[in-house]
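Student: Need a 3D model of the sequence below.
(chains A and B)
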Number of protein chains: 2
Amino acid sequence: MSETVNVALDAMGGDNAPAEVVKGAVDALSEDNRVKVFLVGREPVISGELKKYTYDAERLEIVHASEVIDTGEPPVMAIRTKKDSSIVKGLQMVKEGKCDAFVSAGSTGAVLVGGQVIVGRIKGVERPPLAPVIPNANGVSLLLDCGANVDARPSHLLQFAKMGSIYMESAIGIKNPRVGLVNIGVEEEKGNALTKETYPLLKSCPEINFVGNVEARDIPAGAADVLVCEAFAGNMVLKMLEGVSDVLISKIKQGMMTSLRSKIGAVLVKPALKATLKGFSTQEYGGAPLLGLNGLVVKTHGSSKAIEIKHSILQCITFKDQNINEKIKEQIVLGD
Amino acid sequence: MSETVNVALDAMGGDNAPAEVVKGAVDALSEDNRVKVFLVGREPVISGELKKYTYDAERLEIVHASEVIDTGEPPVMAIRTKKDSSIVKGLQMVKEGKCDAFVSAGSTGAVLVGGQVIVGRIKGVERPPLAPVIPNANGVSLLLDCGANVDARPSHLLQFAKMGSIYMESAIGIKNPRVGLVNIGVEEEKGNALTKETYPLLKSCPEINFVGNVEARDIPAGAADVLVCEAFAGNMVLKMLEGVSDVLISKIKQGMMTSLRSKIGAVLVKPALKATLKGFSTQEYGGAPLLGLNGLVVKTHGSSKAIEIKHSILQCITFKDQNINEKIKEQIVLGD
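Tutor: Below you'll find the predicted structure:
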């Protein structure tokens, strides 16, 4: 358990790069001495940021990459042409075995495409799902797929259920996680062609704890630990969760500022509210892993601050300690 | 504009039937003297409820129906076999021209199936979408389709956009409503097979004000007035909106009760918060119309109280006044 975990970190990715990314790296180093971080990006910029901190220089290296892939760029073309970008170089380090993991807050599309093209899929894995942890009323659930692979097939969803169960049990520590199929009704015969064909596959799979269909209405209440769906539906669920939370919280803040009475009340409720709402946030759980690759690739939110970056780096330790990829290989290759 | 609007109301539908349904009917009568309500359901029960109120007996009739369709019943079979149910009888009254509209808080499936089978589609309409009005940060949007017709085709979505625009402009009063295609990214080339094929159809349609793709993240902020999608995605959006709001509001209430300080604060902020959150509710907009039928069919939430029932009945007046079905006929039949 004392082996070093080498993490390539995209120093140029996300809205707050490089400042928050570099800070997150430094914070991760001081929190766990098994981590070594390779900051991939423009050397002069990264050096400049690093001057602000003291850190264990033995466990931090800069890997110069002259190019940056923007979030608006078509991913396939970007991965193909920008060979000296932080994303391509970081992924290459995983591919070559120099690093155990790559973490980026940059272009989701480029990370997804690059992860598959450069790092490659575990043999037998049809599609690597992007699997963010989302908050619910009592804890968290894993939502997969939220990636760019729309129009999935039932066999893909079955693999998502297996990989998601392994991740939820090993990385998040939920024993025998309940797997739900995201659907428009709870009855077995409900849904579209995809969910109707997927249901019996999940039902008859001995490796998972399938609890049936889950309506979106019941996702925030925590109806299942592993939520299986194709990426379009997953995107709706994830983005509505973010969008509704944001609008509602800003409405509540507005509401509290409408009168003197409510302003005084706001001062009094603020600390308690902050603590409660913190539980409805995923900052503490790191980023979303792209499961089923020959190495770990983690995508963190584009708006990540140092805390999310730090947790995303620390998450790589658990992933390695728990041998998650070995478990996936075992179940996908031998189980299918 | 002084013509009577005849509304058949499912007295047996919804969690709060018949008490709240009957109350909603009585409230609607006293609010607008152009309404006549036909309460369809078990006569003795309805009569019993009506004894609680005074109302204009000229404008309220009971139509006895001995059967009730439960929400759990397979809809097609229920419509076929329960000929004396409140849903079948109410829809028949629209079909026969005795009523302008049918309103139900009962089984969504049965109302959707019955609407199509009994009332029938306007010639040229491929699929009648269920179109609820949903709240956003600054007002409301129309989300269609939220019905049971999954696996839609691009031509269906084009019709949804046209019908939704007519409804939003005529019934809700939003001039030249912005139509958005619900998608997983804003760029034209993003999405699944359905959205990629639908985008150019919407873009080249002169009758609508197409503003491009809308990400779910931006729906609660009010990115478009008319949100077009197939029913599976629509269901995710609608149900996540409800589920996240419920969990967040209950978390906030819990949070406010954690300390003496926050409890005092809660008392002070309560009235202001209540007023603000009321704006993020759709009670005032009535139920979801099933657009494109030869008559109006409105599905209200299963948990509807008298206020939603009342607004759903009053909504039928606007629908008739604004000749919404005539406008749909004109655009679908002549426009295609």
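Student: Can you give me the neighbour number for the residue nearest to residue A:261 when sequence neighbours are not counted?
Tutor: Distances taken as Cβ to Cβ, 6 or more residues apart in numbering or on different chains put residue B:268 closest to residue A:261, at 5.2 Å, once the chain neighbours are dropped. C-beta: built from backbone N, CA, C; applies to glycine. By other Cβ atoms under 10 Å in any protein chain shown, 21 other residues sit near residue B:268.
Student: now residue A:204
Tutor: Count around residue A:204 with other Cβ under 10 Å applied: 9.
Student: for the residue nearest to residue A:261, phi and psi?
Tutor: Backbone torsions of residue B:268, given as degrees, to the nearest 10, read phi -70, psi -40.
Student: who touches it in this structure?
Tutor: A:261-262, A:264-266, A:268 (Cβ atoms under 8 Å, 6 or more residues apart in numbering or on different chains).
Student: got a winner among those residues for most neighbours?
Tutor: residue A:265 leads the contacts of residue B:268 on contacts (other Cβ under 10 Å) with 24 neighbours.
Student: what's the pLDDT at it?
Tutor: If you check residue A:265, the pLDDT there is 87.
Student: element containing it, please.
Tutor: According to DSSP states H and E, residue A:265 maps onto helix A:260-278.
Student: one step back: which one of the contacts of residue B:268 is nearest residue B:166?
Tutor: residue A:262 (40.4 Å; Cβ to Cβ).
Student: The residue of the stretch 1-150 of chain A found nearest chain B: what's it in contact with?
Tutor: Nearest to chain B, among the residues of the stretch 1-150 of chain A, is residue A:150, at 3.8 Å (Cβ to the nearest Cβ). Listed by Cβ under 8 Å, 6+ apart, the contact partners of residue A:150 are A:230-232, B:184, B:191-193.
Student: Whichever of those end up buried, select them in PyMOL.
Tutor: If you want just the buried ones from these in PyMOL, going by 16 or more other Cβ atoms under 10 Å in any protein chain shown, the selection is:
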select buried, (chain A and resi 230+231+232) or (chain B and resi 184+191+192)
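Student: which ones are touching the closest residue to residue A:138 other than its chain neighbours?
Tutor: Once flanking residues are discounted, residue A:138 sits nearest to residue A:222: 4.7 Å by Cβ to Cβ, 6+ apart. Counting by Cβ under 8 Å, 6+ apart, residue A:222 touches A:136-139, A:141.
Student: could I have stretch A:6-26 exported to PDB, CA atoms only?
Tutor: Taking Å, rounded to 0.1, in the frame of the first residue of the first chain, the C-alpha atoms of stretch A:6-26 are listed here in PDB:
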ATOM      1  CA  ASN A   6       1.800   8.900 -10.400                       C
ATOM      2  CA  VAL A   7      -0.800  11.300 -11.600                       C
ATOM      3  CA  ALA A   8      -0.500  13.400 -14.800                       C
ATOM      4  CA  LEU A   9      -2.500  16.600 -14.300                       C
ATOM      5  CA  ASP A  10      -3.700  18.800 -17.100                       C
ATOM      6  CA  ALA A  11      -2.400  22.200 -15.900                       C
ATOM      7  CA  MET A  12      -4.100  24.000 -18.700                       C
ATOM      8  CA  GLY A  13      -7.600  22.600 -18.400                       C
ATOM      9  CA  GLY A  14     -10.700  24.300 -17.000                       C
ATOM     10  CA  ASP A  15     -12.000  27.800 -16.300                       C
ATOM     11  CA  ASN A  16      -9.600  28.300 -13.400                       C
ATOM     12  CA  ALA A  17      -6.400  27.000 -14.900                       C
ATOM     13  CA  PRO A  18      -3.600  27.100 -14.200                       C
ATOM     14  CA  ALA A  19      -3.900  28.900 -10.800                       C
ATOM     15  CA  GLU A  20      -6.400  26.600  -9.100                       C
ATOM     16  CA  VAL A  21      -5.100  23.500 -10.800                       C
ATOM     17  CA  VAL A  22      -1.600  24.100  -9.600                       C
ATOM     18  CA  LYS A  23      -2.900  24.900  -6.100                       C
ATOM     19  CA  GLY A  24      -4.900  21.700  -6.100                       C
ATOM     20  CA  ALA A  25      -1.700  19.700  -7.000                       C
ATOM     21  CA  VAL A  26       0.300  21.300  -4.200                       C
END
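Student: tell me the mean pLDDT over stretch A:291-306?
Tutor: Rounded mean pLDDT across stretch A:291-306 is 95.
Student: How about stretch A:216-233?
Tutor: 96.
Student: quick one: the strands in the stretch 51-200 of chain A?
Tutor: A:60-64, A:101-104, A:133-135, A:140-144, A:178-183 (DSSP state E, counting those that start in this stretch).
Student: Next, the buried residues of the one helix or strand residue A:25 maps to.
Tutor: Element membership of residue A:25, judged by DSSP H and E, is helix A:19-31. By 16+ other Cβ under 10 Å, the buried positions in helix A:19-31 come out as A:20-29.
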